[in-house]
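Asks: Model the following, please.
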Amino acid sequence: MALWGNNDNVGSIGTVSLDYSNRVVSGWAGTATGLGVSFGETGYAQAGDIISFGQHGSGTYYGDAVIASIGSTLQLTIASTCGLVGGGITGVEYQISQKPTWIPADSHYSAAAEAPSVTTIDTGEADTAVGVGSIAVSVDISTIPEVKVGDSLTNNSDEFTIIAVGLATAVALATVDPGDFVIRAISPDFLVSGETTVGLGTTQPTIAGAGETTATSSSAVSGAAVVPLTNGNKYNILVGDSVRLPGIANKTVSAVGTNQVTLNASVTIASGVAVTFVSDTINIIDTPASADLTIGVGDSITFQGEGGNPGDVICLDEGIGAAITAGDTLTFNRVQNGYDAYVYGVNQSGIATGTQFETGVGWVGVTTYVDNSGSLRVKKEILVSLSGITTGNPDSYPPA
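Replies: Below is the predicted model of the structure:
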């Protein structure tokens, strides 16, 4: 019996069950529409191979055992149950490999896993109300110094991963050119006029106002829906914007042309009249002439604090499911500890060059855990240096 082979992708069709009393593993026979196990057949489990019960890293993993003998295409016997966790194994997935045969007896790698824990690391207070679906939550970041990217925010029992601290991003809804007065993007809740900046190109202009912008009519309009605007193209007006005119009921933009807009109803106004456009996606730039505002629809806009410093906001990976009221307590959590040790077959494509998972080829024991600061730690130990390993089992390297 060889101590190891070079195949981490031996045929593993069907499911198996284990009788702990006699160490006999029985496989599913299959049906007309589903293939069963084929122990002892070419390309399938052989004496001396390693059988892994369950799915490591996904679902329940019961551990490894050495195959002592093959009784039939539907039954085999394992040498020992010492590498198993002891739970009932009935109708579970399995994998066959040619890992070193001493692994199941090594307590370090025998079903060695401990689920990480979630620990509250800090609490804060919402500065402003935040609506359902928002990814930006307003909070004085000086009061939550321990919170960092990768931590999570609890909202209505749901956990949302923090992807940025001190800034929030939004998607540009209109093309913006140098000299334009308005950026179109959904404003984050933490925005403070005259303080919040946006990162665009090589500059960080300040948001002078949000929610509305005012242009002027460039000529009189008499009973018509088309309103010409002075420098109208620089306001980036969008269809659907609400329009306020002095002494006239609010209208809506139904079309946008060159330095003009078409309203949903006819109006009569003089030249030079203030035309105010209202939308929660309007952000006014205070110094458009000096700002590098060349952005396109779909580009990412970064909102920060005064002078480009971190703003009082955290940004989440998805929109919250329950509204937050100003003054609400915010709870921040971090995944800590947790432990996993497993032996992977690593070939040339899996060496993960330039990452913390970088290793040589062969049978490699990998220990991972998350330390108290929330950082992933990885220890690699090449148990057998061996090139040409055939991989393909679900437990690929580097691990997800």
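Asks: Give the buried residues for stretch 322-333.
Replies: By neighbour count with 16 or more other CB atoms under 10 Å, stretch 322-333 contains the buried residues I324, D328, L330, F332, N333. All C-beta spots, glycine's among them, are computed from the backbone N, C-alpha and C.
Asks: which one of these is nearest E306?
Replies: Nearest to E306 among these: L330, at 22.3 Å, using CB to CB.
Asks: who touches the closest residue to that closest one other than its chain neighbours in this structure?
Replies: Spatial nearest neighbour of L330, chain neighbours left out: G124 (4.6 Å); criterion: CB to CB, 6 or more residues apart in numbering. Taking CB atoms under 8 Å, 6 or more residues apart in numbering as the criterion, G124 is in contact with V139, D140, T143, I144, V147, T329, L330, F332.
Asks: Now flag whichever of those residues is closest to P188.
Replies: V139 (11.9 Å).
Asks: Please name the bridge partners of that closest one.
Replies: Going by DSSP bridges, V139 is paired in beta bridges with A126.
Asks: Tell me how many other residues crowd it.
Replies: Around V139 there are 25 other residues, counting by other CB atoms under 10 Å.
Asks: for I382, same thing?
Replies: Counted with other CB under 10 Å, I382 comes out at 14.
Asks: With just CA atoms, put stretch 324-331 into PDB.
Replies: Presented in PDB, the C-alpha positions along stretch 324-331 are these (Å, rounded to 0.1, in the frame of the first residue of the first chain):
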ATOM      1  CA  ILE A 324     -32.800  53.900  11.000                       C
ATOM      2  CA  THR A 325     -33.900  57.000  13.000                       C
ATOM      3  CA  ALA A 326     -31.500  59.700  14.100                       C
ATOM      4  CA  GLY A 327     -30.200  58.800  17.500                       C
ATOM      5  CA  ASP A 328     -30.700  55.100  17.100                       C
ATOM      6  CA  THR A 329     -27.900  52.900  18.600                       C
ATOM      7  CA  LEU A 330     -25.800  51.200  16.000                       C
ATOM      8  CA  THR A 331     -24.100  47.900  16.800                       C
END
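Asks: what about that stretch, average pLDDT?
Replies: Averaged over stretch 324-331, pLDDT sits at 92.
Asks: Need the contact partners of stretch 215-229.
Replies: Residues contacting stretch 215-229 (CB under 8 Å, 6+ apart): 230-232, 235, 254, 257, 259-275, 277.
Asks: residues in contact with the nearest residue to G232 once chain neighbours are set aside?
Replies: Distances taken as CB to CB, 6+ apart put N259 closest to G232, at 3.9 Å, once the chain neighbours are dropped. Applying CB under 8 Å, 6+ apart to N259 gives the contacts S218, P228, L229, T230, N231, G232, N233.
Asks: Looking at the residues you listed, which one is closest to N6?
Replies: For the contacts of N259, the nearest to N6 is N233 (66.4 Å; CB to CB).
Asks: is it true that the closest one touches G257?
Replies: No. Counting by CB atoms under 8 Å, N233 does not reach G257; the two are 9.3 Å apart.
Asks: Of these two, give the one with the bigger neighbour count.
Replies: N233 (16 against 13).
Asks: Pull up the gap between that one and T276, please.
Replies: Distance, N233 to T276, by CB to CB, to the nearest Å: 17 Å.
Asks: Same question for E318.
Replies: 34 Å.
Asks: likewise F39?
Replies: 78 Å.
Asks: Give me the buried entries from the contacts of N259.
Replies: S218, P228, L229, G232, N233.
Asks: Pipe those residues into a markdown table and attach distance to V16 and pLDDT per row.
Replies: Formatted as a markdown table, those follow (distance: CB to CB, whole Å; pLDDT from 0 to 100):
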| residue | distance to V16 | pLDDT |
| --- | --- | --- |
| S218 | 79 | 97 |
| P228 | 78 | 98 |
| L229 | 74 | 97 |
| G232 | 72 | 95 |
| N233 | 69 | 94 |
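Asks: hmm, back to that, E318 and T276: who's more crowded?
Replies: T276 (15 against 11).
Asks: For the host helix or strand of that one, what is the distance to the chain centroid?
Replies: Assigned by DSSP states H and E, T276 belongs to strand 274-285. Chain-centre distance of strand 274-285: 32 Å, with CA atoms, centre = their mean, to the nearest Å.
Asks: begin at 486 from here
Replies: In the new count, where the first residue is 486, that last one comes out as strand 759-770.
Asks: Identify the residues contacting the following helix or strand past that strand?
Replies: Past strand 759-770, heading to the C-terminal end, the next element that is a helix or strand (DSSP H and E) is strand 785-789. Here strand 785-789 makes contact (CB under 8 Å, 6+ apart) with 621, 651-657, 668, 670, 672-673, 675-676, 681-685, 689, 692, 780, 795-796, 798.
Asks: Now do strand 785-789 against strand 759-770, angle only.
Replies: 80 degrees (axes from the mean of the first three to the mean of the last three CA atoms, to 10 degrees).
Asks: Tell me the first helix or strand C-terminal of strand 785-789.
Replies: In N-to-C order, the element after strand 785-789 by DSSP H and E is strand 798-801.
Asks: just to revisit the earlier point, give me the subset of the contacts of strand 785-789 that lies in strands.
Replies: Under the assignment DSSP state E, these contribute A621, A653, T654, A655, V656, I668, T682, V683, G684, I692, V798 to strands.
Asks: hang on, the first one packs against I671?
Replies: Okay, so that is A621. No. With contact defined as CB under 8 Å, A621 does not reach I671; the gap is 9.1 Å.
Asks: Between these two, which has more neighbouring residues?
Replies: A count of neighbours by other CB under 10 Å puts A621 above the other of A621 and I671, at 25 against 18.
Asks: In contact with that one, which residues are there?
Replies: A621 touches V615, A653, P673, D674, F675, F788, V798, I799, C800, L801, counting by CB under 8 Å, 6+ apart.
Asks: Am I right that N718 sits in a helix?
Replies: Yes. Residue state for N718 (DSSP: H, G, I helix; E, B strand; the rest coil) corresponds to a helix.
Asks: ok, for it, nearest residue in space, not its chain neighbours?
Replies: N718's closest residue in space is N744 (CB to CB, 6+ apart), at 5.5 Å.
Asks: Outline the domain layout of this protein.
Replies: Domain ranges of the chain: 486-596, 655-796, per automatic domain parsing.
Asks: In three-state terms, label A811 for me.
Replies: coil.
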